[in-house]
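1. Everything below, folded, please.
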Amino acid sequence: MFKAATVSSKEPFSSLSGEQLGNALLGELGRAPSACWLFSTPSQELKELVSGVSRAMGDVDLVGCTTDGEVSMAGLSTGSAVLCGVTTDRIEFHVACVENLHENTEEAGRRLAKQFPSTVRYVQIFSDGLTGNGCAILRGMTSVLGSHVPIAGGTAGDAGAFQKTWQFFASEALSDAVVGIGFSGDFTVGTGVRSGWSPIGIAKRVTRACGNVVHELNGQPALEVYERFLGKHADKLPSVGVEYPLGLVCDGGDHGKEDFHLLRATMSVNRNDGSIVFAGEIPEGSMVRLTCGDHASILGAAEQAAISALGELGNRTPAMAFFYSCMARKIVLGRRTREEVDRIRLAVGTDLPIVGFYTYGEYCRIKANGPSLLHNETASVSVIGL
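-> All right, here's what the predicted structure looks like:
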């Protein structure tokens, strides 16, 4: 037995509207869910909303976060709250939470992973998109769970304000935290990631970098390299950088090509020392290429991500889909963002329950049995098969 449903609301956030949202989900499912996901726009009344949802749902495993746009069976919405629930006897869910993420992000990942039982076969995480280090979270988790357990999800957003994000755990709204939900039982998960951005020009070596700050490419200030490439548009950095993310050349992609480009979006630039801050780690010594894309390639990539996820299910029947996509894609697509969600839904089946959000970074493996990575500007799809 497996049943999933989503409900959404644009009512002003309050304890009452949260309770109404929870009751609406109970009405759709016909019983208390085994697990819930809550994704919402940020709001001053956020804690009241979460409290109201929890009161209606009772003692149910609930995780989620604030976003840059919410995805449900109704499609894309903004300024809303989306609640998803699953009731099943095929999957057992386990939730976990670690606070004070900024203090030691890799250790936070280890502590989170240790809260899951050895039977866990798939994990979704939602971390603060403004504190901590998503790559370090994955390193910590993988050191405990092993690389064979796929990790998906996204980093929390705050509707593009870049001030404070929130993570939901049971009846609490937390910040500077990472929450997770593990899946055990009789199921298969298929995953797909695609960006739609293509490399331009020759590869360059990162000759000086620290974490997510790149100082030099081929021995030259990183900002100078970008400025030469962008020409008259260089004064629009870092905002124009979302259209030209940096791609790390990685092995093991499933695109039918030798290399996979792990994208990194520009966050800020330092015009004094010529460095660029990206939304994810870029190792010193790695090879990178500038990339570009257009609406057609970006939308087509989202569809291909869904098709790839379905292809990994084998003879299992799709039961539910999760879609985590980057807010930078939403910026580039503009009014066509709804089309990205619609293409995902058409690819997996419009009757298939789906939930997700627009993130500040996406967690997903790049192929079956491959490593789980932090992506930028990428569409990631996970499909549960039974």
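2. which one's the longest strand in this structure?
-> In the chain, assigned by DSSP state E, the strand with the most residues is strand 198-210.
3. which helices and strands sit right next to it?
-> Here strand 198-210 touches strand 213-217, helix 222-230, strand 287-292, going by 3 or more Cβ pairs under 8 Å, 6 or more residues apart in numbering; DSSP states H and E. Where C-beta positions appear, they are placed from N, C-alpha and C, glycine not excepted.
4. Tell me the strands beside the last one, with direction?
-> Put plainly, it is strand 287-292. Pairing partners of strand 287-292, with direction, according to DSSP bridges: strand 198-210 (antiparallel), strand 246-251 (antiparallel).
5. For Phe260, find the nearest of those.
-> Phe260 lies closest, by Cβ to Cβ, to one member of these: strand 246-251, at 4.7 Å.
6. tell me the angle of the closest one relative to strand 213-217?
-> Taking axes from the mean of the first three to the mean of the last three Cα atoms, to 10 degrees, one finds that strand 246-251 is oriented at 80 degrees with respect to strand 213-217.
7. Whatever helix or strand comes next after strand 246-251 packs against which elements?
-> Past strand 246-251, heading to the C-terminal end, the next element that is a helix or strand (DSSP states H and E) is strand 259-264. Applying 3+ Cβ pairs under 8 Å, 6+ apart, one finds that strand 259-264 makes contact with strand 246-251, strand 287-292, strand 372-375.
8. Indicate each strand paired with the helix or strand that the last one is followed by and its parallel or antiparallel sense.
-> Yep, that's strand 372-375 we're talking about. On the C-terminal side of strand 372-375, the closest following helix or strand by DSSP H and E is strand 379-385. Sheet neighbours of strand 379-385, with direction, are listed as strand 188-194 (antiparallel), strand 318-326 (antiparallel) (DSSP bridges).
9. can you tell me which of these comes nearest to Gly30?
-> Ranking the strands paired with strand 379-385 by their distance to Gly30 (criterion: Cβ to Cβ) puts strand 318-326 first, at 16.7 Å.
10. Now the closest one - C-alpha only, PDB.
-> Extracted in PDB, the C-alpha atoms of strand 318-326 (Å, rounded to 0.1, in the frame of the first residue of the first chain):
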ATOM      1  CA  PRO A 318       6.800   4.800 -10.300                       C
ATOM      2  CA  ALA A 319       5.000   5.800  -7.100                       C
ATOM      3  CA  MET A 320       6.200   9.400  -6.300                       C
ATOM      4  CA  ALA A 321       8.600  12.000  -7.600                       C
ATOM      5  CA  PHE A 322      10.700  14.700  -5.900                       C
ATOM      6  CA  PHE A 323      12.000  17.700  -7.900                       C
ATOM      7  CA  TYR A 324      14.700  20.000  -6.600                       C
ATOM      8  CA  SER A 325      15.900  22.700  -9.000                       C
ATOM      9  CA  CYS A 326      18.100  25.800  -8.600                       C
END
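11. Would you map the helices across the chain?
-> All helices of the chain, identified by DSSP state H, fall at 15-29, 46-57, 105-114, 134-145, 222-230, 295-311, 327-333, 337-348.
12. re the thing from before, Phe39 is nearest to which of the helices and strands packed on strand 198-210?
-> Taking Cβ to Cβ as the criterion, strand 287-292 is the member of those that comes nearest to Phe39, at 28.1 Å.
13. quick one: low-confidence ranges for this protein?
-> For the chain, the stretches flagged by pLDDT under 70 are 251-259.
14. Report the central residue of it.
-> Centroid check for the chain by Cα atoms, centre = their mean gives Gly154 as the closest residue, at 2.4 Å.
15. isn't that one right next to Phe357, touching?
-> Yes. With contact defined as Cβ atoms under 8 Å, Gly154 reaches Phe357; the gap is 6.5 Å.
16. Mind listing the shared neighbours of these two?
-> Common neighbours of Gly154 and Phe357 (criterion: Cβ atoms under 8 Å, 6 or more residues apart in numbering): Cys65, Tyr324.
17. ok so, going back, tell me which residues are up against the longest strand of the chain.
-> Strand 198-210 is contacted by residues 214-219, 225, 229, 247, 249, 261, 282-293, 297 when judged by Cβ under 8 Å, 6+ apart.
18. Mind doing that once more with 10 Å?
-> Contacts with strand 198-210, where a contact means Cβ atoms under 10 Å, 6 or more residues apart in numbering, come from 214-222, 225, 229, 244, 246-249, 259, 261, 275-276, 278, 281-294, 297.
19. Please indicate which of those are buried?
-> If you count burial by 16 or more other Cβ atoms under 10 Å, the buried members of these come out as 214-217, 221-222, 225, 244, 246-249, 259, 261, 275-276, 278, 281-282, 286, 288-291, 293.
20. coming back round to it: could you export the strands paired with strand 287-292 as TSV, including distance to Val178?
-> As requested, these are exported to TSV (distance: least, Cβ to Cβ, whole Å):
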stretch	distance to Val178
strand 198-210	23
strand 246-251	23
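21. can you tell me which of these comes nearest to Lys3?
-> Each of these was scored for nearness to Lys3 using Cβ to Cβ, and the closest is strand 246-251 (38.1 Å).
22. sorry, back to before: got the CA positions of the longest strand of the chain in PDB?
-> The C-alpha trace of strand 198-210 is given here as PDB (Å, rounded to 0.1, in the frame of the first residue of the first chain):
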ATOM      1  CA  SER A 198      27.200  23.600 -22.400                       C
ATOM      2  CA  PRO A 199      31.000  24.200 -22.000                       C
ATOM      3  CA  ILE A 200      32.600  27.100 -23.900                       C
ATOM      4  CA  GLY A 201      36.300  27.200 -24.900                       C
ATOM      5  CA  ILE A 202      39.200  25.300 -23.500                       C
ATOM      6  CA  ALA A 203      39.500  24.000 -20.000                       C
ATOM      7  CA  LYS A 204      41.300  26.100 -17.400                       C
ATOM      8  CA  ARG A 205      43.100  25.000 -14.300                       C
ATOM      9  CA  VAL A 206      42.200  26.400 -10.900                       C
ATOM     10  CA  THR A 207      45.700  27.500  -9.800                       C
ATOM     11  CA  ARG A 208      44.700  29.200  -6.600                       C
ATOM     12  CA  ALA A 209      41.500  28.600  -4.600                       C
ATOM     13  CA  CYS A 210      40.300  28.100  -1.000                       C
END
